[in-house]
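Participant: quick one: sequence and predicted model below, then my questions.
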There are 4 protein chains.
Amino acid sequence: MPKIYFPDVQKIVYAGPDSTDPLTFKHYDPEALVEGKSMRDHLRFSASYWHAMVQGAADPFGGPTRPLPWTEASDPVQAARDTLDAMFEFLQKMDLGFWCFHDRDIAPELETLEATNAAFDEIVGLAEEKQRETGIKLLWGTANLFSHKRYMAGAGTSPCPEVFAHGAAQIKKALEATHRLGGAGYTFWGGREGYDTLLNTRLSAELGRFAKLLRLAVDHKRKIGFTGAFYIEPKPCEPTTFQYDNDAAACYAFLQHHGLEKEFSMNIEANHATLAGRAFEHELAYSAEHGILGSVDANRGDPMLGWDTDQFPTNLYDTTAAMGVILGMGGFTTGGLNFDARLRRQSVEPYDLFHAHIGGMDAFARGLKAAAKIRAEGRIEALVAERYRGWESELGRKIDAGEASLDSLFEHAVKADVGSAPAGRQERLENLLNEAI
Amino acid sequence: MPKIYFPDVQKIVYAGPDSTDPLTFKHYDPEALVEGKSMRDHLRFSASYWHAMVQGAADPFGGPTRPLPWTEASDPVQAARDTLDAMFEFLQKMDLGFWCFHDRDIAPELETLEATNAAFDEIVGLAEEKQRETGIKLLWGTANLFSHKRYMAGAGTSPCPEVFAHGAAQIKKALEATHRLGGAGYTFWGGREGYDTLLNTRLSAELGRFAKLLRLAVDHKRKIGFTGAFYIEPKPCEPTTFQYDNDAAACYAFLQHHGLEKEFSMNIEANHATLAGRAFEHELAYSAEHGILGSVDANRGDPMLGWDTDQFPTNLYDTTAAMGVILGMGGFTTGGLNFDARLRRQSVEPYDLFHAHIGGMDAFARGLKAAAKIRAEGRIEALVAERYRGWESELGRKIDAGEASLDSLFEHAVKADVGSAPAGRQERLENLLNEAI
Amino acid sequence: MPKIYFPDVQKIVYAGPDSTDPLTFKHYDPEALVEGKSMRDHLRFSASYWHAMVQGAADPFGGPTRPLPWTEASDPVQAARDTLDAMFEFLQKMDLGFWCFHDRDIAPELETLEATNAAFDEIVGLAEEKQRETGIKLLWGTANLFSHKRYMAGAGTSPCPEVFAHGAAQIKKALEATHRLGGAGYTFWGGREGYDTLLNTRLSAELGRFAKLLRLAVDHKRKIGFTGAFYIEPKPCEPTTFQYDNDAAACYAFLQHHGLEKEFSMNIEANHATLAGRAFEHELAYSAEHGILGSVDANRGDPMLGWDTDQFPTNLYDTTAAMGVILGMGGFTTGGLNFDARLRRQSVEPYDLFHAHIGGMDAFARGLKAAAKIRAEGRIEALVAERYRGWESELGRKIDAGEASLDSLFEHAVKADVGSAPAGRQERLENLLNEAI
Amino acid sequence: MPKIYFPDVQKIVYAGPDSTDPLTFKHYDPEALVEGKSMRDHLRFSASYWHAMVQGAADPFGGPTRPLPWTEASDPVQAARDTLDAMFEFLQKMDLGFWCFHDRDIAPELETLEATNAAFDEIVGLAEEKQRETGIKLLWGTANLFSHKRYMAGAGTSPCPEVFAHGAAQIKKALEATHRLGGAGYTFWGGREGYDTLLNTRLSAELGRFAKLLRLAVDHKRKIGFTGAFYIEPKPCEPTTFQYDNDAAACYAFLQHHGLEKEFSMNIEANHATLAGRAFEHELAYSAEHGILGSVDANRGDPMLGWDTDQFPTNLYDTTAAMGVILGMGGFTTGGLNFDARLRRQSVEPYDLFHAHIGGMDAFARGLKAAAKIRAEGRIEALVAERYRGWESELGRKIDAGEASLDSLFEHAVKADVGSAPAGRQERLENLLNEAI
Ligand SMILES: [Co+2]
Ligand SMILES: [Co+2]
Ligand SMILES: [Co+2]
Ligand SMILES: [Co+2]
Ligand SMILES: [Co+2]
Ligand SMILES: [Co+2]
Ligand SMILES: [Co+2]
Ligand SMILES: [Co+2]
């Protein structure tokens, strides 16, 4: 019998918007149907092992504040077993269908890679059992190629091939573990694949080797028969000064340049979009419209702050926009909404982890309902259709069909000058959005 | 005989670093050789018609302050003729070898496109003559597809095909004028090719039509036999909320997705890099390393300000980094350093235009000399080579040659763990950089 | 009989949240009571003359797009009379109780200051009549000391005393007009009171003269018997590189240094807070807690953009936070919510001005209701009170009463070490906030 | 005999600009005179204990990389003794005249405050001896009131008075140690004196208590006879979401509001200015012109990054501007240039600490020489004087003398309209600046 870490918390259930019990869902009703599919299946919520279980809310100016009783065993492998217990207790009580992990979250780094791998294998085996018992699934796995000092200059982009090899070895294990656990995907977040200064950096050599590492992972995926998705997670900086996988467009440029664009889709994190100076909605829409939106790290940043605060997502404008894009592309395939979000440093009570996830899940449930309402009403879409109506004219059809040239368009333009363009109606559209929230 | 607009200014000449005459070059010595090529040929300086001659230093909170005597004729075509005189007087006195223009800078928009085109043709003819007389060349031309209200929602990405056609017609004329003037290139800066709000925007339709417009321009280039370069100029925002041609990576993603990556290279503007949250040096290096660095809009922004201040470039760190990248790629082919830079709103004296260009030219001359010195000494390069030395090992060579797999690297890694990575030596490299400035 | 400019628009009325008529209020019910006071009296909505009537949605890359039929008379004074008609028609149809103006919005700058003042006096007289007829009041007036090129280097901080004098003369007239119109306040927004570069700036001389100008205005206010409030409106930059009235704290430092802190309170603009890197809520709370929150320029910016977009306020988080601060300080005295907000450049239809203001008024009405609900429930306040409970202990009381010293606190601390601090519960509080929206 | 930690490094000496030995000064010639004072006395360089000796270059995504052999003793007090040895060896070899420390840098936090204080007293005694032996002086001391989890919600602004008391106790000890060591000043950097969310914050109560804590420190300073300066170090955020001591203006507003403005001056850190969206030069000039510039934390940030990178200062524009302000105010009194700067995470070699400080010292030496040259030549000052010349007119003198009113200025203005203002000449001034660098 595993130890119980949250004895005072029962399974969180839907109690409706009038409930005043903080430990209930007010909006997330898992089996309720939206556009004919359950909320559970639309939203595919996941918790992240690192934030939920491993980190203690330290920051660059102070150590951990949050009690992590499951990590207290003196034997690190026992602590890893206890943490797995706590994680699955949490996942079940939170009614979360998915989880995500880095290799070094679930099992410790020991003296040798061999010993590390042995401990990892044991914990993966235990996780397999947990999944079987609970029905909870793995959304994606990944390898931590940034915390250890060997990765101080990157993994695939390290100036040292031994480090490249070590990273490759970690990817092999993490990918195989993800495969064994039936993971729906595998994520690459190249924490230190970037540079601190161009003064000491060979840019195209580094980018080429990073592509090579990804290619090796694709080959290995094929070899072992893993059919899940491969995701790249853009982030512009931090810990590096400049991260190659800056934003969705930079990742897409990189993948195309190296012929990898069919193998990867994006894992878009809200806070990373903020850091890149892009709207979360933009990164989602850009990816969806290019057919490369895979999964979402659901959190939020603070536009006034320049680091990865990884706060829980509560902004209804963001969740409505996100679910609008996701409904618009027909929903997730392999991806989901992973709470890559951490408690604030002063959130030191055991309930806080539940409050935080409840807030995030309710916010996305409201976003889902609002987006579906907007789609059902069709008032925004009607105004947009009217704005682009001109493209249904003969001129529009000819241009779209490739039957125009600069010469033919010149002939058209000199005959009939155009003084203005269709109205944008942004304020009216913003009012319609607010009516849905 | 054209009117003289700068009667008190003689041709600016090199007078050495000890000169106290503000109207001399202290560092730019056009015929002096650096790495076996004259400074003039390295730097290929250009002035921009719009900033030098047309705009009067208005800003969103106030009208023009700067006297523009060449624009005062009541007949707009006469004003255009006078402005051309002033521009070539300025170019000659400034000893600038190149100029750049938008179609609507050099000739006015009149009541009909036909009348507009007639005036434009006349001025282009006069410019051809001026070029012949002076030996000054056209670095690039472009079409202004953003000022008129018809372009309020873009040109290639307009919701209205008539606007698309009008834009196409302008491109045809501007491209043909550029061809007639022997321009070394043609630039696309899609001022309003982006969106104000995603609420009213069909993203992939707009991107597809923008690509189509570029494709039509490529076809027309072939048809008329123009062999100059085509440039895209990235900018992230302003006037739009979000510009599709955000930064070099976004442009490269776009070009690849639409099969246009062989047809275009980048015109990197320093201030646009700043607005995009990227270092100017990054945008240059990224472009050069991907073989898509075409030309440079030489100016500077203020990292504390969020708009396009277009200040004259004076920062020696920026000019040294820029010239390092440019020397590293073997120098410009068709491109050059175009001062897309405007006088400050309080710079209302006739001399200011000269002071500003002298400052920019001297700053780039110093950057060129510093970059060449760094290359000649080789001290930075030696430290970088040492940092990457590991890649010359057997392991490194195998990985680079594609002879490794995750499995083989795993075998390597378990045998020989790697505890750290080569030192970065950033502070030492920064000291060496400062020694060169 | 004045001309009718919005013939198709009737007076906007409250129709409830289920109304699908875009030209109705869904939430703003002017006479409905909240905390015992009507919404109208809580919110004190005002429209700004410059954005509603004068500017045509130009931006730095293109001219106006928006039709302004009331400005078309060839005689500028007649255009000013027509514009006043249009403004009051708009105010009445929009059911706005207040308006705001700059001197140069309502009447043109003519050849001499004398002629300008004569036109201004005439229009002020007409406005007085309009106010009498409609019951609409003036929230505040101000003088435009930034558009004319004489102000290119500031007014109170100009390097030229003649410019200082001209600014003083404008303030005198604008203040007297505000007094005549029964204005509840007068605002100072020092558009160009700052610097472009420290290289040409005498900082303390400029700050001292700016304080002197404000002191002269205070003296004149006393002399003419104006009893309304004086506001300073912070903004960090644009058009200047650095504005002395950066944010509320900078203004408060300035006012205290020059002994003016009793004479001025803040007019906080949301977008200016964003530009300053501060949350709108912070600027409001900072001002309220220091007793210097006077009035609000209700708009919004885009945290991803670095200029003053002056969008209409629609974000319910912002309006809820704002109304929480305003209710918390007991409501407005002289101030109100002035829509210092402009239509987007593509909003070119006559209805758009109404849609925009309806959106802003409904958003603030919802914010008011949400803030009042939070206060009525008391759930957030109870958690906050619990957090600070320790200060009710003997130790807390002694410190607050000034009965402690470093020595006595040292004695206390060595006896009873304290390991942690009360929990912050941010996630739970954020959930409670979302429940109210 | 203390252990030698840098056996291969000799005392760093001036070798002139042509030296290629990286371990020499190229510009900092300690006894060379500038404006009649030695460089050493102008610059008053200091190293910071925390960055030089204590931190190992960890970041939020990875642990320490840098070897710190002096910290390896298993007894933490022995490690503290060893670290002190290493620090003074470093200071001497680096030819630094000053050092700075936090209480918890130099001695460990032990189980009880009593034990902690005993260890602290011992190390302070050893430091006193080191100072005597070497002639090196203490620039300032401070207390670390942010790392321990008890301070997670601030010290003076904690919601818990026990935490306030603990902070007070630390300040008492750190202040007395600073006094004993003859420190020239004492710094308050309120790391967590701010808020994470306004939802749980009582703003004015917190600000009032923070002022109270500062007042207690002032009282204690008097009581013990410490005559050094008290500094406040502004920083806008990180680790907090919002720091009350945001920038110099916010600090000055706070100090004035609480009657503390005569007791404190500013310790301006370059990187904190960058984070606040202000130019370093602005923060220096603002402070100097208000008579509150005390000392400088000499480092640099990256304007593209939103966190405190604390890089070594190498930018000659920054150092020239800084020394211009410092020369302009007559030089430092108690303050100096403290390298609050850390090695990059990949700088893991023992020499790097020397390279980094050499780079910073040479950069400030060049800045000092450039600023002195600009002052000696007077060309910039002459242009500035000309710009403000108008204030020497009768009108200017009357306004400055307080002999004008709005009425009298109105009379003046209607008689003689002013069309423009003196030219700004920014480009010419920027050229003159570049000529000095
Ligand atoms: Co993530
Ligand atoms: Co993140
Ligand atoms: Co440009
Ligand atoms: Co620009
Ligand atoms: Co405003
Ligand atoms: Co504004
Ligand atoms: Co500091
Ligand atoms: Co810092």
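Facilitator: Structure received. Ligands and ions are numbered 1, 2, ... in the order given.
Participant: residue A:283: what's it in contact with?
Facilitator: A:234, A:247-248, A:266, A:268, A:273, A:276 (Cβ atoms under 8 Å, 6 or more residues apart in numbering or on different chains). From N, CA and C alone the C-beta is placed, and that goes for glycine too.
Participant: now do the closest residue to residue A:290 other than its chain neighbours against ligand 3, distance only.
Facilitator: Once flanking residues are discounted, residue A:290 sits nearest to residue A:252: 6.3 Å by Cβ to Cβ, 6 or more residues apart in numbering or on different chains. Distance, residue A:252 to ligand 3, using Cβ to the ion, to the nearest Å: 24 Å.
Participant: element containing residue A:252, please.
Facilitator: helix A:248-257 (DSSP states H and E).
Participant: tilt between the helix or strand following that helix and helix A:248-257?
Facilitator: Per DSSP H and E, the first helix or strand lying C-terminal to helix A:248-257 is strand A:264-269. Per axes from the mean of the first three to the mean of the last three Cα atoms, to 10 degrees, the angle that strand A:264-269 makes with helix A:248-257 is 160 degrees.
Participant: who does strand A:264-269 pair up with?
Facilitator: strand A:229-232 (parallel), strand A:293-297 (parallel) (DSSP bridges).
Participant: distance to ligand 2 and mean pLDDT for the ones you listed - can I get that in a markdown table?
Facilitator: Formatted as a markdown table, those follow (distance: least, Cβ to the ion, whole Å; pLDDT from 0 to 100):
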| stretch | distance to ligand 2 | mean pLDDT |
| --- | --- | --- |
| strand A:229-232 | 14 | 98 |
| strand A:293-297 | 7 | 98 |
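Participant: hey, which of these is tucked in deepest?
Facilitator: Highest mean neighbour count of those: strand A:293-297, a mean of 27 (counted as mean count of other Cβ atoms under 10 Å in any protein chain shown).
Participant: does ligand 1 have contacts with that strand?
Facilitator: Yes - counting by Cβ under 5 Å from the ion, ligand 1 is contacted by strand A:293-297 at residue A:297.
Participant: get me the contact residues on the stretch 151-300 of chain A for chain C.
Facilitator: Residues of the stretch 151-300 of chain A found near chain C (Cβ under 8 Å from any Cβ of the partner chain) are A:277-279.
Participant: so which of these are in helices?
Facilitator: Per DSSP state H, helices hold no members of these.
Participant: nearest to chain B, of the residues you listed?
Facilitator: residue A:277 (4.9 Å; Cβ to the nearest Cβ).
Participant: related to what we said a few turns ago, check the residue nearest to residue A:290 and give its pLDDT.
Facilitator: At residue A:252, the pLDDT value in this model is 98.
Participant: what sits against it?
Facilitator: A:261, A:290, A:292, B:253, B:257.
Participant: okay, those in JSON lines with neighbour count next?
Facilitator: Formatted as JSON lines, the contacts of residue A:252 follow (neighbours: other Cβ atoms under 10 Å in any protein chain shown):
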{"residue": "A:261", "neighbour count": "20"}
{"residue": "A:290", "neighbour count": "20"}
{"residue": "A:292", "neighbour count": "20"}
{"residue": "B:253", "neighbour count": "27"}
{"residue": "B:257", "neighbour count": "19"}
